[in-house]
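Visitor: need a 3D model of the sequence below.
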Amino acid sequence: MRKYTWFFLGIFLLLAPDFGAAAQQLKLGVVTKPGAAQNIAAEKFRDILEHESKGRFTVTIYHSASIGDETRILEQLQTGAIHLAIVNTDPFEIFTPIVRVIRYPFLFKNSRQADEILDGPLGREIFKILEPSGFKGLAFSENGFRSLTNNRNPVQTADDLQGMKIRVMSSPPHKAIWQALGASPAQAPWPIYSELADGGLDGQENPLWVVDVYNFFEVQKYMTMTNHIYSAHIDVASMTWWQKQPAATRELIQDAMYRAAVFQRKDNRTKEAERLYLLKEKGMIVEEHPDTESFRAKVSNLKDLDYYATPQVQDLLTKMLEATKE
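Guide: Purely as a prediction, here's the structure:
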């Protein structure tokens, strides 16, 4: 009997929190405000980790760019000044161009395919390439797919875009996409409500929440669910810090961040469905099932842009394009 008593006491001591040890405080940086996609993932991660670690870890979220913009956050990860971050893909380009493959136009057919690819071997390949720059990739959360709105005519095929003046982001592939599709891409400083209202711009492209929050439904009659670019967030740890952690700690943090990312993606997609319903209620005419293949055909040569010319990028992009054919 005594043997079993000591056995169960040992199990209890192993699993119970160490009340005499101070909790390890982790710093997590995001540039967005509470309620935004990055914050939702960050807060869920904090809740999961603090619960699962039984108080061995606490997480402080530095939000609203309180410790700098995303480039500055990544630099602090490199030095180990902060432990974790949830960041858009764009700022990683300063350190490695590999993230460009994620934003390749019309790469993912839908959210399910994006999850399968990024949660699988090709996503892990991206994470592996980030490591020499000082970043340990843990999971992909999301901002979502970008879609088109305009105030000129319904868009069901790529041919419906001819000559349409569309506001685009100031990056080479964004301009190249709309030129290839026959539109007239224009760069205009944000916000662009007045330009849309007075006809200086025919349309714009963004995730649905932008159309809702910025009241574009007041000045844009048509929406097409083009899903032309998938906007991911990369949830990362400082490699400097990560390498010093025991395997059990790494497993705990990896699991917590992945679960938080899955939660955030589901939350974001639920809200997207709600926003789509509300935008229709507010009078927008929505094309939910455009002829996506007509768009894909016109941008198929963009893989030859100098923007994607780095051999490592070309290799992974080829793998991605092959995988998303299925």
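Visitor: what's the mean pLDDT across stretch 71-88?
Guide: For stretch 71-88, mean pLDDT is 98.
Visitor: before we move on, what about stretch 268-286?
Guide: Here the average pLDDT along stretch 268-286 is 96.
Visitor: next, the buried residues of that stretch.
Guide: Of the residues in stretch 268-286, 268, 271, 272, 275, 276, 279, 284, 286 count as buried by neighbour count, 16 or more other CB atoms under 10 Å. Bear in mind the C-beta positions are built from the backbone N, C-alpha and C, glycine included.
Visitor: can you check stretch 194-202 too?
Guide: 195, 196, 201, 202.
Visitor: quick one: contacts of it?
Guide: Stretch 194-202 is touched from outside by 150-152, 164-167, 186, 188, 192, 203-204, 216, 218-220, with contacts defined as CB atoms under 8 Å, 6 or more residues apart in numbering.
Visitor: at 6 Å what do you get?
Guide: 150, 152, 164, 165, 167, 188, 219 (CB atoms under 6 Å, 6 or more residues apart in numbering).
Visitor: spit out the contact partners of the fifth one.
Guide: It stands for residue 167. 186, 188, 192, 201, 204.
Visitor: and the fourth one, which of the three is it?
Guide: Counting by DSSP: H, G, I helix; E, B strand; the rest coil, the backbone at residue 201 sits in coil.
Visitor: remind me which helix or strand residue 40 belongs to.
Guide: Per DSSP states H and E, residue 40 falls inside helix 37-52.
Visitor: equivalent analysis for residue 81, please.
Guide: Counting by DSSP H and E, residue 81 is part of no helix or strand.
Visitor: could you find the closest non-adjacent residue to residue 107?
Guide: Leaving out its chain neighbours, the residue that sits closest to residue 107 by CB to CB, 6 or more residues apart in numbering is residue 324, at 5.8 Å.
Visitor: do residue 254 as well
Guide: Distances taken as CB to CB, 6+ apart put residue 138 closest to residue 254, at 5.7 Å, once the chain neighbours are dropped.
Visitor: tell me the contacts of that neighbour?
Guide: Contacts for residue 138 (CB under 6 Å, 6+ apart) come out as 235, 237, 254, 257.
Visitor: which two in those residues are spaced the farthest apart?
Guide: The largest separation in the contacts of residue 138, counting by CB to CB, is between 235 and 254 at 10.1 Å.
Visitor: compare the two (neighbour count), which wins?
Guide: For residue 235 versus residue 254, neighbours defined as other CB atoms under 10 Å are more numerous around residue 235 (25 against 16).
Visitor: the more buried one and residue 85 touch, don't they?
Guide: No. The pair residue 235 / residue 85 is not scored as a contact, 7.7 Å apart, by CB atoms under 6 Å.
Visitor: in CSV: the contacts of residue 167, plus distance to residue 31 and pLDDT.
Guide: Formatted as CSV, these follow (distance: CB to CB, whole Å; pLDDT from 0 to 100):
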residue, distance to residue 31, pLDDT
186, 26, 96
188, 22, 92
192, 21, 97
201, 26, 98
204, 22, 98
